[in-house]
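Participant: heads up, no residue letters with this:
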């Protein structure tokens, strides 16, 4: 491989950390023309994980580094959420172990098409934030919103991935995102085991998120699971501030109707543990 020389290459080494990936638009904005990019790829100074993307040859491509690239370099406000966020924060032993490798991403706009074409074993599952929540503080980029995210209780930044943090949903928010996947994409019994272990959630953060949540199904499931395990933080949530809607919600075909929350649940889970 030819040794990198020249101002533009030195600039690239400073602005594109090893292991992170950028797209053609990023390269253009930073002054790298199509011909110059081709020259760098031919010389081995850049590699292309998939068409339209670029990274330096060193540094293993992982899904975490790809998401950091989207969040920090490409300024795409995409948050790791749901089951994936809970796994990253130490709750994996309560979640399913069927080998699933889906990475849940939440944002206001869908990720770029090349994301699904990267040579990764994991697949990305996109969900729109505004479908579940009325408001979100993230609009463009993630570096500047850290303090706001901590105050809102919606997001956390994990610092175990090198120079840049990985932004994920807080456990409180991730739980509501997980409940939204019931019953189609998640199992009642697996979620039940997870909620059993969530003994240290913040009631003020939960109350804020529940007030902001648009899904009657999710809010009813939240209280049903929390009551089932009699968590102490549940007593500190003002239920009068949470709209649970009206009418029945059939979630499980052939299940039993819970008379308090008017949701159908699996018959073998129709009583507190």
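Facilitator: Done, it's in. All of these numbers come straight from a predicted model, not from anything done at the bench.

Participant: could you chop this protein up by domain?
Facilitator: 7-60, 64-269 (automatic domain parsing).

Participant: point out the most buried one among those.
Facilitator: Neighbour counts (mean count of other C-beta atoms under 10 Å) averaged over each of these peak at domain 64-269, with a mean of 17. For the C-beta atoms, the positions are set from N, CA and C on the backbone; glycine is no exception.

Participant: give me the distance from that one to the chain's centre.
Facilitator: 8 Å (C-alpha atoms, centre = their mean, to the nearest Å).

Participant: redo the domains of the chain as a markdown table? Include mean pLDDT.
Facilitator: Shown next, in a markdown table, are these (pLDDT from 0 to 100):
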| stretch | mean pLDDT |
| --- | --- |
| domain 7-60 | 95 |
| domain 64-269 | 88 |
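
Participant: show me where this protein has strands.
Facilitator: For the chain, the strands defined by DSSP state E occupy 22-23, 53-54, 79-80, 102-107, 123-128, 155-158, 166-169, 256-258, 263-265.

Participant: what's the first one packed up against?
Facilitator: Counting contacts by 3 or more C-beta pairs under 8 Å, 6 or more residues apart in numbering; DSSP states H and E, strand 22-23 packs against strand 53-54.

Participant: partner strands of the strand it packs on, with direction?
Facilitator: strand 22-23 (antiparallel) (DSSP bridges).

Participant: for residue 249, what are its contacts?
Facilitator: Counting by C-beta atoms under 8 Å, 6 or more residues apart in numbering, residue 249 touches 216, 217, 220, 262, 263, 264.

Participant: distance check, the fourth one against residue 211.
Facilitator: The gap separating residue 262 from residue 211 is 20 Å, by C-beta to C-beta, to the nearest Å.

Participant: kindly report the same for residue 124.
Facilitator: Distance from residue 124 to residue 211, by C-beta to C-beta: 29 Å.

Participant: ok, residue 178 - contacts?
Facilitator: Here residue 178 is in contact with 82, 83, 86, 186, 191, 194 (criterion: C-beta under 8 Å, 6+ apart).
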